[in-house]
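S.K.: Model the structure of this input:
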Amino acid sequence: MSIYIGNLAYDATEEDISTIFADYGTVKRVHLPTDRETGKPRGFGFVEMGKEEEEEAAIEALDGAEWMGRNLKVNKARPRKERSFHRNQGDGFSRENY
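M.R.: Down below sits the predicted model:
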């Protein structure tokens, strides 16, 4: 299971996140996605912890909490949807049209 953290301050680091979540158990991994073009943080992240009970305690304590001037949104992460990488899919153009 993974935890989603939204409304993060843009200057929050993986180390900052790890420190806060460590109060609730073992932090296995922190991931803060960045924009592909700018390399800047996107304002959300994911945390994986050692046990489900630890994740639940962190979610309960941190959802809505104010941190670095922002009210955090913390909940169980949803499974990632698969993306289709087919060219021209859904744009109305295909080789059959020509």
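S.K.: Mind giving me the packing neighbours of the longest helix anywhere in the chain?
M.R.: Secondary structure of the chain per DSSP state H: the longest helix is helix 52-62. When contacts are defined as 3 or more Cβ pairs under 8 Å, 6 or more residues apart in numbering; DSSP states H and E, helix 52-62 packs onto strand 3-6, helix 14-21, strand 44-49, strand 73-76. Glycine gets a C-beta too; all of them are placed from N, C-alpha and C.
S.K.: Could I get the buried residue list for that helix?
M.R.: 54-59, 62 (16 or more other Cβ atoms under 10 Å).
S.K.: Taking the residues you listed, tell me the two that lie furthest apart.
M.R.: Farthest-apart pair in these is E54 and L62; separation 12.0 Å (Cβ to Cβ).
S.K.: so E55 sits right up against T26, yeah?
M.R.: No. Contact between E55 and T26 fails when scored by Cβ atoms under 8 Å: they sit 10.4 Å apart.
S.K.: shared neighbours of these two, which are they?
M.R.: Common contacts of E55 and T26 (Cβ atoms under 8 Å, 6 or more residues apart in numbering): M49.
S.K.: quick one: contacts for the most centrally placed residue in the chain?
M.R.: For the chain, the residue sitting closest to the mean C-alpha position, by Cα atoms, centre = their mean, is G45 at 2.8 Å. Applying Cβ under 8 Å, 6+ apart, we find G45 in contact with 4-5, 8, 12, 14, 17, 30-33.
S.K.: and which of those is nearest M49?
M.R.: Among the contacts of G45, and counting by Cβ to Cβ, the member closest to M49 is V30, at 10.0 Å.
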